[in-house]
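J.: With the sequence up front, the predicted model follows.
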Amino acid sequence: MSCDVELHKVRVSYDAFCALESIDLCVQHGEALGIVGPNGSGKSTLLKTIAGLLRPERGSICVFGTAPRRLPRGSIAYVPQVEAVDWGFPATVSDVVAMGRFAHLPWWRRFGPADRALVEEAIEAVGMSAMAGRHIAELSGGQQQRAFIARALAQQPRLLLLDEPTTGVDAATEEALRQVVRGVVARGTPVLMTTHDLERVNEWFDRLMVLDRRMLALGTPDEVAASGAYAAIREHTHTHGHLRVDHDPHEGHEAHPEVRV
Amino acid sequence: MMHALLAPFAYPFMQRALVAALIVGALCSMMGTYVVLRKLAFIGDGLAHASFAGIVIAYLRNIDYQLGAAVVAVLTALGIGFVHRKGKVSLDTSIGVLFTAAFALGIFLMSRQTRYTLDLQSFLFGDILSVTRGDLIFIVVVGAAVFVAAMLAYRDMLFASFDPVVAEAAGLPVKWLDYGLLVALALTIVVALQSVGIVLVAALLVTPAAAAYQLAKRFTPMLLLSAAFGVTSTVGGLYASYFLGSSSGATIVLVATLLFFIAVALKRLRPA
(Lines give C-alpha, C1' and ligand atoms only; values in the text may rest on other atoms or scores of the structure.)
Protein backbone atom coordinates (compact mmCIF):
# COMPACT_ATOMS: atom_id res chain seq x y z
CA MET A 1 0.00 0.00 0.00
CA SER A 2 1.29 3.44 -0.87
CA CYS A 3 2.01 6.03 1.76
CA ASP A 4 0.56 9.55 1.95
CA VAL A 5 3.59 10.59 3.98
CA GLU A 6 6.83 8.68 3.53
CA LEU A 7 10.13 9.31 5.30
CA HIS A 8 13.24 7.37 4.41
CA LYS A 9 16.34 7.54 6.64
CA VAL A 10 15.65 11.16 7.50
CA ARG A 11 18.18 13.12 9.50
CA VAL A 12 17.63 16.72 10.56
CA SER A 13 20.26 18.91 12.20
CA TYR A 14 20.39 22.40 13.61
CA ASP A 15 23.99 23.41 12.90
CA ALA A 16 26.02 20.88 14.90
CA PHE A 17 23.08 19.45 16.85
CA CYS A 18 21.42 16.42 15.35
CA ALA A 19 17.70 16.65 16.17
CA LEU A 20 16.44 13.61 14.30
CA GLU A 21 18.31 10.52 13.11
CA SER A 22 17.34 7.78 10.63
CA ILE A 23 13.59 8.18 10.75
CA ASP A 24 11.65 5.78 8.54
CA LEU A 25 7.91 6.25 8.45
CA CYS A 26 4.90 5.54 6.29
CA VAL A 27 1.62 7.24 7.15
CA GLN A 28 -1.34 5.94 5.21
CA HIS A 29 -4.49 7.54 3.91
CA GLY A 30 -6.97 8.26 6.70
CA GLU A 31 -4.59 7.44 9.51
CA ALA A 32 -4.14 9.30 12.79
CA LEU A 33 -0.55 9.00 14.01
CA GLY A 34 0.33 10.13 17.51
CA ILE A 35 3.90 11.18 18.27
CA VAL A 36 5.07 11.02 21.87
CA GLY A 37 8.47 11.55 23.43
CA PRO A 38 10.25 13.59 26.07
CA ASN A 39 10.94 17.30 25.70
CA GLY A 40 13.60 17.93 23.10
CA SER A 41 13.03 14.56 21.45
CA GLY A 42 12.45 16.14 18.04
CA LYS A 43 8.65 15.90 17.88
CA SER A 44 8.18 19.47 16.67
CA THR A 45 11.18 19.14 14.35
CA LEU A 46 9.57 16.10 12.73
CA LEU A 47 6.33 17.99 12.04
CA LYS A 48 8.19 21.05 10.71
CA THR A 49 10.24 18.84 8.40
CA ILE A 50 7.14 17.14 7.02
CA ALA A 51 5.55 20.60 6.59
CA GLY A 52 8.53 21.59 4.42
CA LEU A 53 9.70 24.27 6.87
CA LEU A 54 12.97 22.44 7.57
CA ARG A 55 15.09 20.57 5.09
CA PRO A 56 16.45 17.17 6.04
CA GLU A 57 20.23 16.91 5.99
CA ARG A 58 19.98 13.35 4.78
CA GLY A 59 17.23 11.05 3.59
CA SER A 60 14.07 11.78 1.68
CA ILE A 61 10.54 12.95 2.43
CA CYS A 62 7.59 12.40 0.17
CA VAL A 63 4.15 13.81 0.85
CA PHE A 64 1.57 12.59 -1.67
CA GLY A 65 4.44 11.42 -3.84
CA THR A 66 6.41 14.67 -3.96
CA ALA A 67 8.60 16.96 -1.85
CA PRO A 68 6.52 18.97 0.66
CA ARG A 69 7.63 22.29 -0.86
CA ARG A 70 6.45 21.26 -4.30
CA LEU A 71 2.88 20.43 -3.32
CA PRO A 72 0.04 22.62 -4.61
CA ARG A 73 -0.98 25.49 -2.32
CA GLY A 74 -3.19 24.52 0.58
CA SER A 75 -2.12 20.87 0.73
CA ILE A 76 -0.65 20.96 4.24
CA ALA A 77 -2.13 22.65 7.30
CA TYR A 78 0.23 23.05 10.24
CA VAL A 79 -0.73 24.22 13.72
CA PRO A 80 2.40 25.09 15.74
CA GLN A 81 2.68 24.42 19.45
CA VAL A 82 3.22 28.07 20.29
CA GLU A 83 1.90 30.65 17.88
CA ALA A 84 4.50 33.39 17.65
CA VAL A 85 2.09 35.90 16.20
CA ASP A 86 1.56 39.53 17.20
CA TRP A 87 -1.59 39.41 19.33
CA GLY A 88 -2.16 43.10 18.65
CA PHE A 89 -2.65 42.35 14.94
CA PRO A 90 -5.99 43.80 13.80
CA ALA A 91 -7.87 40.54 13.30
CA THR A 92 -10.92 38.82 14.78
CA VAL A 93 -11.37 35.06 15.17
CA SER A 94 -13.26 35.02 11.84
CA ASP A 95 -10.43 36.92 10.14
CA VAL A 96 -7.82 34.43 11.37
CA VAL A 97 -9.88 31.41 10.34
CA ALA A 98 -10.55 33.00 6.93
CA MET A 99 -6.79 32.93 6.30
CA GLY A 100 -7.15 29.15 6.04
CA ARG A 101 -9.04 29.75 2.78
CA PHE A 102 -6.41 32.11 1.35
CA ALA A 103 -4.16 29.27 0.27
CA HIS A 104 -6.91 28.13 -2.11
CA LEU A 105 -7.66 31.59 -3.45
CA PRO A 106 -5.22 32.95 -6.03
CA TRP A 107 -5.60 36.66 -6.76
CA TRP A 108 -8.21 36.26 -9.47
CA ARG A 109 -10.63 34.35 -7.22
CA ARG A 110 -12.75 36.23 -4.74
CA PHE A 111 -13.56 35.16 -1.20
CA GLY A 112 -17.05 33.84 -1.87
CA PRO A 113 -20.06 32.49 0.05
CA ALA A 114 -18.64 28.95 -0.08
CA ASP A 115 -15.46 30.15 1.65
CA ARG A 116 -17.51 32.04 4.21
CA ALA A 117 -19.55 28.92 4.94
CA LEU A 118 -16.40 26.83 5.43
CA VAL A 119 -15.03 29.43 7.85
CA GLU A 120 -18.25 29.39 9.89
CA GLU A 121 -18.30 25.59 9.87
CA ALA A 122 -14.70 25.41 11.10
CA ILE A 123 -15.39 27.91 13.89
CA GLU A 124 -18.42 25.90 14.95
CA ALA A 125 -16.44 22.65 14.92
CA VAL A 126 -14.10 23.98 17.61
CA GLY A 127 -17.00 25.51 19.58
CA MET A 128 -16.01 29.14 18.99
CA SER A 129 -19.14 30.43 17.23
CA ALA A 130 -20.02 32.77 20.08
CA MET A 131 -16.55 34.34 19.85
CA ALA A 132 -16.26 34.66 16.06
CA GLY A 133 -16.33 38.46 16.17
CA ARG A 134 -13.86 38.83 19.04
CA HIS A 135 -10.42 40.29 18.55
CA ILE A 136 -7.72 37.64 18.98
CA ALA A 137 -6.15 39.48 21.91
CA GLU A 138 -9.38 39.05 23.88
CA LEU A 139 -9.13 35.24 23.86
CA SER A 140 -7.72 32.88 26.46
CA GLY A 141 -4.78 30.66 25.52
CA GLY A 142 -7.03 27.66 24.90
CA GLN A 143 -9.40 29.73 22.74
CA GLN A 144 -6.49 31.05 20.69
CA GLN A 145 -5.36 27.47 20.12
CA ARG A 146 -8.86 26.50 18.98
CA ALA A 147 -8.98 29.46 16.59
CA PHE A 148 -5.76 28.27 14.94
CA ILE A 149 -7.10 24.72 14.68
CA ALA A 150 -10.24 26.15 13.06
CA ARG A 151 -8.03 27.96 10.54
CA ALA A 152 -6.37 24.63 9.68
CA LEU A 153 -9.81 22.99 9.28
CA ALA A 154 -11.07 25.81 7.03
CA GLN A 155 -8.07 25.17 4.80
CA GLN A 156 -9.40 21.64 4.10
CA PRO A 157 -5.87 20.32 3.80
CA ARG A 158 -4.85 16.93 2.44
CA LEU A 159 -2.54 16.52 5.45
CA LEU A 160 -3.03 17.95 8.93
CA LEU A 161 -0.09 18.46 11.33
CA LEU A 162 -0.90 19.38 14.94
CA ASP A 163 1.84 20.20 17.46
CA GLU A 164 0.54 19.55 20.99
CA PRO A 165 -2.92 20.97 20.40
CA THR A 166 -4.19 19.68 23.76
CA THR A 167 -1.63 21.47 25.92
CA GLY A 168 -3.38 23.91 28.22
CA VAL A 169 -6.95 23.10 27.18
CA ASP A 170 -9.63 21.79 29.54
CA ALA A 171 -11.06 18.26 29.35
CA ALA A 172 -14.24 19.29 27.52
CA THR A 173 -12.23 21.15 24.84
CA GLU A 174 -9.86 18.22 24.54
CA GLU A 175 -12.76 15.89 23.85
CA ALA A 176 -14.16 18.36 21.28
CA LEU A 177 -10.76 18.47 19.57
CA ARG A 178 -10.53 14.69 19.58
CA GLN A 179 -13.86 14.46 17.80
CA VAL A 180 -12.73 17.10 15.28
CA VAL A 181 -9.54 15.14 14.59
CA ARG A 182 -11.41 11.84 14.27
CA GLY A 183 -13.83 13.54 11.85
CA VAL A 184 -10.93 14.75 9.70
CA VAL A 185 -9.38 11.27 9.72
CA ALA A 186 -12.73 9.67 8.86
CA ARG A 187 -12.81 11.78 5.68
CA GLY A 188 -9.47 10.24 4.67
CA THR A 189 -7.10 13.02 5.70
CA PRO A 190 -4.04 11.72 7.53
CA VAL A 191 -3.31 13.54 10.80
CA LEU A 192 0.06 13.67 12.56
CA MET A 193 -0.12 14.99 16.09
CA THR A 194 2.40 15.34 18.88
CA THR A 195 1.24 15.05 22.45
CA HIS A 196 2.51 14.87 25.99
CA ASP A 197 -0.61 13.16 27.16
CA LEU A 198 -0.46 9.39 27.16
CA GLU A 199 -3.97 9.17 28.54
CA ARG A 200 -6.51 7.95 25.99
CA VAL A 201 -4.01 7.51 23.16
CA ASN A 202 -6.20 4.58 22.09
CA GLU A 203 -9.08 6.88 21.36
CA TRP A 204 -7.01 9.53 19.61
CA PHE A 205 -4.72 7.53 17.38
CA ASP A 206 -4.59 4.55 15.06
CA ARG A 207 -0.85 4.26 15.57
CA LEU A 208 1.63 5.72 17.97
CA MET A 209 5.28 6.63 17.52
CA VAL A 210 7.67 6.94 20.43
CA LEU A 211 10.39 9.37 19.51
CA ASP A 212 13.63 10.34 21.21
CA ARG A 213 15.67 11.74 18.33
CA ARG A 214 15.39 8.21 16.93
CA MET A 215 12.23 6.23 16.57
CA LEU A 216 11.98 3.97 19.64
CA ALA A 217 8.67 2.31 18.82
CA LEU A 218 5.92 2.43 16.23
CA GLY A 219 2.67 0.49 16.32
CA THR A 220 -0.86 0.51 17.63
CA PRO A 221 -1.11 2.16 21.06
CA ASP A 222 -1.53 -1.25 22.67
CA GLU A 223 1.51 -2.67 20.90
CA VAL A 224 3.58 0.31 21.91
CA ALA A 225 2.41 0.07 25.51
CA ALA A 226 3.32 -3.62 25.55
CA SER A 227 6.73 -2.99 24.01
CA GLY A 228 7.94 -1.13 27.09
CA ALA A 229 8.98 1.86 25.01
CA TYR A 230 7.20 4.19 27.39
CA ALA A 231 9.77 3.27 30.02
CA ALA A 232 12.42 4.90 27.88
CA ILE A 233 10.47 8.15 27.97
CA ARG A 234 9.92 7.84 31.68
CA GLU A 235 13.58 7.38 32.45
CA HIS A 236 14.29 10.45 30.40
CA THR A 237 12.00 12.82 32.25
CA HIS A 238 10.77 13.37 35.77
CA THR A 239 7.51 11.53 35.78
CA HIS A 240 4.51 12.90 37.59
CA GLY A 241 2.31 10.05 38.73
CA HIS A 242 2.05 6.74 37.01
CA LEU A 243 1.71 5.96 33.37
CA ARG A 244 -1.50 4.51 32.11
CA VAL A 245 -2.59 3.88 28.60
CA ASP A 246 -5.75 1.90 29.21
CA HIS A 247 -8.88 3.91 29.53
CA ASP A 248 -11.96 3.48 31.64
CA PRO A 249 -14.94 4.49 29.48
CA HIS A 250 -17.05 5.27 32.55
CA GLU A 251 -14.61 7.84 33.75
CA GLY A 252 -16.00 11.37 33.51
CA HIS A 253 -14.01 14.17 31.89
CA GLU A 254 -14.02 16.14 35.11
CA ALA A 255 -12.27 13.30 36.86
CA HIS A 256 -9.81 12.97 33.98
CA PRO A 257 -6.42 13.06 35.65
CA GLU A 258 -3.59 14.93 34.00
CA VAL A 259 -1.11 12.14 33.50
CA ARG A 260 1.89 13.30 31.64
CA VAL A 261 5.34 12.01 31.00
CA MET B 1 -15.31 82.73 1.08
CA MET B 2 -15.24 79.48 -0.91
CA HIS B 3 -13.39 81.30 -3.63
CA ALA B 4 -10.70 82.37 -1.20
CA LEU B 5 -10.31 78.81 0.10
CA LEU B 6 -9.91 77.38 -3.39
CA ALA B 7 -7.73 80.25 -4.57
CA PRO B 8 -4.41 78.37 -4.08
CA PHE B 9 -5.48 75.70 -6.55
CA ALA B 10 -5.86 78.24 -9.37
CA TYR B 11 -2.10 77.91 -9.86
CA PRO B 12 -0.94 75.00 -12.05
CA PHE B 13 1.93 74.18 -9.65
CA MET B 14 -0.62 73.88 -6.83
CA GLN B 15 -2.80 71.61 -8.96
CA ARG B 16 0.16 69.34 -9.65
CA ALA B 17 1.09 69.44 -5.97
CA LEU B 18 -2.47 68.44 -5.03
CA VAL B 19 -2.45 65.41 -7.33
CA ALA B 20 0.98 64.39 -5.99
CA ALA B 21 -0.27 64.87 -2.41
CA LEU B 22 -3.30 62.63 -2.98
CA ILE B 23 -1.28 59.80 -4.55
CA VAL B 24 1.66 60.00 -2.16
CA GLY B 25 -0.62 60.21 0.88
CA ALA B 26 -2.75 57.22 -0.11
CA LEU B 27 0.11 55.00 -1.32
CA CYS B 28 2.53 55.60 1.57
CA SER B 29 -0.09 55.13 4.25
CA MET B 30 -1.52 51.94 2.71
CA MET B 31 1.91 50.36 2.32
CA GLY B 32 2.62 51.69 5.80
CA THR B 33 0.11 49.26 7.31
CA TYR B 34 2.48 46.41 6.44
CA VAL B 35 5.43 48.41 7.77
CA VAL B 36 3.70 48.90 11.13
CA LEU B 37 2.28 45.36 11.39
CA ARG B 38 5.64 43.80 10.50
CA LYS B 39 7.48 46.19 12.82
CA LEU B 40 9.66 47.55 10.03
CA ALA B 41 9.51 51.25 10.94
CA PHE B 42 13.24 51.52 10.28
CA ILE B 43 12.91 50.48 6.62
CA GLY B 44 11.42 53.78 5.40
CA ASP B 45 14.32 55.77 6.71
CA GLY B 46 16.78 53.22 5.41
CA LEU B 47 15.56 53.00 1.82
CA ALA B 48 15.09 56.77 1.58
CA HIS B 49 18.71 57.37 2.61
CA ALA B 50 19.89 54.63 0.26
CA SER B 51 18.12 56.32 -2.65
CA PHE B 52 20.39 59.31 -2.11
CA ALA B 53 23.23 57.37 -3.76
CA GLY B 54 20.98 56.89 -6.78
CA ILE B 55 20.24 60.59 -6.95
CA VAL B 56 23.96 61.44 -6.93
CA ILE B 57 24.82 58.79 -9.54
CA ALA B 58 21.96 60.00 -11.76
CA TYR B 59 23.20 63.56 -11.41
CA LEU B 60 26.79 62.61 -12.35
CA ARG B 61 25.60 60.51 -15.31
CA ASN B 62 23.06 63.13 -16.31
CA ILE B 63 20.06 60.80 -16.21
CA ASP B 64 16.68 61.22 -14.57
CA TYR B 65 17.20 61.40 -10.81
CA GLN B 66 13.97 59.49 -10.03
CA LEU B 67 15.15 56.60 -12.15
CA GLY B 68 18.50 56.59 -10.34
CA ALA B 69 16.79 56.76 -6.96
CA ALA B 70 14.40 53.94 -7.88
CA VAL B 71 17.15 51.60 -9.13
CA VAL B 72 19.38 52.08 -6.09
CA ALA B 73 16.47 51.87 -3.62
CA VAL B 74 15.22 48.62 -5.20
CA LEU B 75 18.72 47.10 -5.25
CA THR B 76 19.22 48.08 -1.61
CA ALA B 77 15.84 46.55 -0.72
CA LEU B 78 16.78 43.27 -2.42
CA GLY B 79 20.20 43.38 -0.73
CA ILE B 80 18.56 43.88 2.66
CA GLY B 81 16.35 40.84 2.08
CA PHE B 82 19.27 38.77 0.83
CA VAL B 83 21.63 39.63 3.71
CA HIS B 84 18.81 38.98 6.19
CA ARG B 85 18.07 35.52 4.77
CA LYS B 86 21.52 34.32 3.80
CA GLY B 87 23.59 36.08 6.45
CA LYS B 88 21.13 35.01 9.14
CA VAL B 89 21.15 38.47 10.72
CA SER B 90 18.01 40.21 11.90
CA LEU B 91 16.19 42.38 9.40
CA ASP B 92 16.88 45.61 11.28
CA THR B 93 20.60 44.82 11.42
CA SER B 94 20.57 44.12 7.69
CA ILE B 95 18.76 47.43 7.05
CA GLY B 96 21.22 49.27 9.29
CA VAL B 97 24.26 47.89 7.47
CA LEU B 98 23.05 48.38 3.90
CA PHE B 99 21.29 51.73 4.01
CA THR B 100 24.22 53.49 5.66
CA ALA B 101 26.52 51.90 3.07
CA ALA B 102 24.40 53.25 0.21
CA PHE B 103 24.11 56.67 1.83
CA ALA B 104 27.87 56.77 2.40
CA LEU B 105 28.41 55.85 -1.26
CA GLY B 106 26.26 58.84 -2.23
CA ILE B 107 28.27 61.22 -0.07
CA PHE B 108 31.56 59.68 -1.25
CA LEU B 109 30.65 60.23 -4.91
CA MET B 110 29.41 63.74 -4.26
CA SER B 111 32.51 64.71 -2.29
CA ARG B 112 34.79 63.74 -5.17
CA GLN B 113 33.28 66.04 -7.73
CA THR B 114 34.02 69.75 -7.99
CA ARG B 115 31.07 71.21 -9.91
CA TYR B 116 28.72 71.33 -7.00
CA THR B 117 25.33 72.36 -8.30
CA LEU B 118 23.15 69.55 -6.96
CA ASP B 119 20.39 71.12 -4.88
CA LEU B 120 20.87 68.90 -1.86
CA GLN B 121 18.37 70.74 0.27
CA SER B 122 15.40 69.96 -1.99
CA PHE B 123 16.20 66.24 -1.86
CA LEU B 124 16.74 66.16 1.89
CA PHE B 125 13.62 68.12 2.80
CA GLY B 126 11.44 67.79 -0.30
CA ASP B 127 9.38 70.39 -2.09
CA ILE B 128 5.98 69.30 -3.32
CA LEU B 129 5.44 72.67 -5.02
CA SER B 130 8.29 71.99 -7.44
CA VAL B 131 6.69 68.81 -8.85
CA THR B 132 6.86 69.05 -12.65
CA ARG B 133 4.63 67.42 -15.25
CA GLY B 134 7.30 64.76 -15.84
CA ASP B 135 7.59 64.10 -12.09
CA LEU B 136 3.84 63.71 -11.91
CA ILE B 137 3.80 61.14 -14.69
CA PHE B 138 6.46 59.13 -12.79
CA ILE B 139 4.42 59.39 -9.57
CA VAL B 140 1.19 58.26 -11.27
CA VAL B 141 2.72 55.36 -13.22
CA VAL B 142 4.92 53.92 -10.46
CA GLY B 143 2.28 54.60 -7.80
CA ALA B 144 -0.38 52.79 -9.84
CA ALA B 145 1.95 49.82 -10.45
CA VAL B 146 2.68 49.43 -6.73
CA PHE B 147 -1.00 49.82 -5.87
CA VAL B 148 -2.12 47.16 -8.36
CA ALA B 149 0.58 44.71 -7.22
CA ALA B 150 -0.39 45.26 -3.58
CA MET B 151 -4.06 44.63 -4.35
CA LEU B 152 -3.28 41.42 -6.26
CA ALA B 153 -1.10 40.09 -3.43
CA TYR B 154 -3.45 41.39 -0.74
CA ARG B 155 -4.58 38.09 0.81
CA ASP B 156 -1.21 36.36 0.57
CA MET B 157 0.53 39.40 2.03
CA LEU B 158 -1.96 39.56 4.89
CA PHE B 159 -1.51 35.89 5.81
CA ALA B 160 2.30 36.09 5.46
CA SER B 161 2.43 39.26 7.57
CA PHE B 162 0.35 37.76 10.36
CA ASP B 163 1.74 34.23 10.49
CA PRO B 164 4.65 33.59 8.10
CA VAL B 165 5.45 30.08 9.39
CA VAL B 166 1.96 28.67 8.95
CA ALA B 167 1.55 30.54 5.64
CA GLU B 168 4.73 28.89 4.37
CA ALA B 169 3.56 25.44 5.47
CA ALA B 170 0.29 26.11 3.60
CA GLY B 171 2.37 26.64 0.45
CA LEU B 172 2.34 30.44 0.17
CA PRO B 173 5.49 31.90 -1.44
CA VAL B 174 6.52 33.68 1.76
CA LYS B 175 10.10 34.39 0.64
CA TRP B 176 8.97 36.06 -2.59
CA LEU B 177 6.27 37.98 -0.75
CA ASP B 178 8.96 39.36 1.58
CA TYR B 179 11.16 40.43 -1.33
CA GLY B 180 8.14 41.82 -3.17
CA LEU B 181 7.17 43.90 -0.17
CA LEU B 182 10.69 45.33 0.13
CA VAL B 183 10.70 46.29 -3.56
CA ALA B 184 7.22 47.81 -3.30
CA LEU B 185 8.35 49.84 -0.29
CA ALA B 186 11.46 51.03 -2.17
CA LEU B 187 9.30 52.27 -5.05
CA THR B 188 6.78 53.85 -2.68
CA ILE B 189 9.56 55.81 -1.05
CA VAL B 190 10.92 57.04 -4.38
CA VAL B 191 7.40 58.15 -5.37
CA ALA B 192 7.14 60.17 -2.14
CA LEU B 193 10.71 61.46 -2.16
CA GLN B 194 10.14 64.75 -3.94
CA SER B 195 7.11 65.63 -1.85
CA VAL B 196 8.48 65.10 1.63
CA GLY B 197 12.22 64.52 1.19
CA ILE B 198 14.71 61.88 2.31
CA VAL B 199 14.71 62.92 5.96
CA LEU B 200 10.95 62.90 6.48
CA VAL B 201 9.58 60.28 4.08
CA ALA B 202 9.68 57.56 6.74
CA ALA B 203 7.02 59.48 8.69
CA LEU B 204 4.47 59.04 5.88
CA LEU B 205 5.15 55.31 5.90
CA VAL B 206 4.78 54.93 9.66
CA THR B 207 2.67 57.68 11.26
CA PRO B 208 -0.72 57.35 9.46
CA ALA B 209 -0.63 53.54 9.77
CA ALA B 210 0.36 53.80 13.44
CA ALA B 211 -2.61 56.13 14.01
CA ALA B 212 -4.95 53.67 12.25
CA TYR B 213 -3.51 50.80 14.32
CA GLN B 214 -4.74 52.59 17.46
CA LEU B 215 -8.34 52.63 16.29
CA ALA B 216 -8.93 49.64 13.99
CA LYS B 217 -9.85 46.16 15.21
CA ARG B 218 -9.63 44.52 11.78
CA PHE B 219 -7.16 44.70 8.92
CA THR B 220 -9.25 46.22 6.10
CA PRO B 221 -10.58 49.07 8.27
CA MET B 222 -6.99 49.73 9.38
CA LEU B 223 -5.90 49.94 5.74
CA LEU B 224 -8.71 52.36 4.82
CA LEU B 225 -8.31 54.45 7.95
CA SER B 226 -4.57 54.66 7.32
CA ALA B 227 -5.21 55.87 3.77
CA ALA B 228 -7.65 58.49 5.09
CA PHE B 229 -5.08 59.72 7.64
CA GLY B 230 -2.37 59.73 4.96
CA VAL B 231 -4.38 61.78 2.44
CA THR B 232 -5.57 64.15 5.16
CA SER B 233 -1.94 64.69 6.17
CA THR B 234 -0.56 65.34 2.68
CA VAL B 235 -3.43 67.46 1.37
CA GLY B 236 -3.94 69.24 4.69
CA GLY B 237 -0.21 69.81 5.03
CA LEU B 238 0.08 71.14 1.48
CA TYR B 239 -2.83 73.50 2.07
CA ALA B 240 -1.56 74.72 5.43
CA SER B 241 1.95 75.24 4.07
CA TYR B 242 0.55 77.53 1.35
CA PHE B 243 -0.94 79.89 3.91
CA LEU B 244 1.80 79.56 6.50
CA GLY B 245 4.59 79.88 3.97
CA SER B 246 6.20 76.84 5.58
CA SER B 247 8.09 73.83 4.17
CA SER B 248 5.49 71.51 2.63
CA GLY B 249 7.26 68.31 3.71
CA ALA B 250 7.60 69.40 7.32
CA THR B 251 4.01 70.66 7.47
CA ILE B 252 2.68 67.37 6.05
CA VAL B 253 4.60 65.36 8.66
CA LEU B 254 3.42 67.61 11.49
CA VAL B 255 -0.23 67.19 10.42
CA ALA B 256 0.29 63.39 10.37
CA THR B 257 1.82 63.56 13.85
CA LEU B 258 -1.14 65.58 15.11
CA LEU B 259 -3.55 62.97 13.73
CA PHE B 260 -1.52 60.22 15.43
CA PHE B 261 -1.84 61.84 18.86
CA ILE B 262 -5.56 62.44 18.30
CA ALA B 263 -5.91 58.72 17.51
CA VAL B 264 -3.99 57.79 20.66
CA ALA B 265 -6.24 60.09 22.71
CA LEU B 266 -9.40 58.65 21.12
CA LYS B 267 -8.27 55.13 21.97
CA ARG B 268 -7.74 56.14 25.59
CA LEU B 269 -11.16 57.78 25.80
CA ARG B 270 -13.03 54.92 24.17
CA PRO B 271 -14.30 52.31 26.63
CA ALA B 272 -12.48 49.02 26.18
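T.: Yep, it's here. Residues are numbered from 1 along each chain as shown, chains lettered A, B, ... in the order given.

J.: quick one: the residue of chain A most remote from its centre from chain B, how far?
T.: The outermost residue of chain A, judged against the average C-alpha position, is A:Trp108 (31.4 Å), by Cα atoms, centre = their mean. Using Cβ to the nearest Cβ, to the nearest Å, we find A:Trp108 at a distance of 9 Å from chain B. All C-beta atoms are positioned from the backbone trio N, CA, C, and that covers glycine.

J.: what are the ranges of the helices in chain A?
T.: When secondary structure is read from DSSP state H, chain A shows helices at A:43-50, A:93-102, A:113-125, A:141-154, A:171-186, A:201-204, A:221-227, A:229-236.

J.: Least reliable of the ones you listed by average pLDDT, please.
T.: Note on the helices of chain A: lowest mean pLDDT is at helix A:229-236, with a mean of 66.

J.: Chain B contacts on the stretch 101-250 of chain A?
T.: A:102-103, A:105, A:107, A:111, A:135, A:148, A:151, A:155, A:157, A:161 (Cβ under 8 Å from any Cβ of the partner chain).

J.: In JSON lines, list the residues you listed along with distance to B:Trp176.
T.: Output for these, formatted as JSON lines (distance: Cβ to Cβ, whole Å):
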{"residue": "A:Phe102", "distance to B:Trp176": "15"}
{"residue": "A:Ala103", "distance to B:Trp176": "15"}
{"residue": "A:Leu105", "distance to B:Trp176": "17"}
{"residue": "A:Trp107", "distance to B:Trp176": "14"}
{"residue": "A:Phe111", "distance to B:Trp176": "22"}
{"residue": "A:His135", "distance to B:Trp176": "30"}
{"residue": "A:Phe148", "distance to B:Trp176": "24"}
{"residue": "A:Arg151", "distance to B:Trp176": "22"}
{"residue": "A:Gln155", "distance to B:Trp176": "20"}
{"residue": "A:Pro157", "distance to B:Trp176": "22"}
{"residue": "A:Leu161", "distance to B:Trp176": "23"}
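
J.: okay, who's weakest in those residues by pLDDT?
T.: A:Trp107 (85).

J.: I'd like the distance between that residue and A:Ala117.
T.: Counting by Cβ to Cβ, to the nearest Å, the separation of A:Trp107 from A:Ala117 is 22 Å.

J.: Kindly report the same for A:Met99.
T.: On the measure of Cβ to Cβ, A:Met99 and A:Ala117 end up 16 Å apart.

J.: Please parse chain A into its domains.
T.: A:1-71+A:160-261, A:73-157 (automatic domain parsing).

J.: Report how many residues lie close to residue 225.
T.: Let's take chain A. Using other Cβ atoms under 10 Å in any protein chain shown, A:Ala225 is surrounded by 20 other residues.

J.: my bad, chain B
T.: B:Leu225 - counted by other Cβ under 10 Å - has 22 other residues nearby.

J.: hang on, the earlier thing: among A:Met99 and A:Ala117, which residue is more densely surrounded?
T.: Ranked by neighbour count (other Cβ under 10 Å), A:Met99 and A:Ala117 place A:Met99 first, with 25 against 11.

J.: so who does that one touch?
T.: A:151, B:158-159, B:162-163, B:167 (Cβ atoms under 8 Å, 6 or more residues apart in numbering or on different chains).

J.: Spell out which parts of the stretch 51-200 of chain B neighbour chain A.
T.: So the stretch 51-200 of chain B meets chain A at B:152-156, B:158-159, B:162-163, B:165-172 (Cβ under 8 Å from any Cβ).

J.: Show the buried residues in these.
T.: For those, a burial check counting by 16 or more other Cβ atoms under 10 Å in any protein chain shown picks out B:153, B:155-156, B:158-159, B:162-163, B:165-172.

J.: From these, which land in helices?
T.: B:155-156, B:158-159, B:162, B:165-169.

J.: how about those residues, which pair is most distant?
T.: B:Arg155 and B:Val165 (17.2 Å; Cβ to Cβ).

J.: just how off-centre is stretch B:38-45 within its chain?
T.: Between the centre of stretch B:38-45 and the centre of its chain there are 10 Å (Cα atoms, centre = their mean, to the nearest Å).

J.: which residues touch whichever residue of the stretch 151-261 of chain A sits closest to chain B?
T.: In the stretch 151-261 of chain A, the residue that lies nearest chain B is A:Gln155 (6.3 Å; Cβ to the nearest Cβ). Residues counted as contacts of A:Gln155 (Cβ under 8 Å, 6+ apart) are A:74, A:77, A:100-101, A:103-104, B:170.

J.: ok, and the closest non-adjacent residue to it?
T.: The shortest distance from A:Gln155 to any non-neighbouring residue, by Cβ to Cβ, 6 or more residues apart in numbering or on different chains, is to A:Gly100 (3.8 Å).
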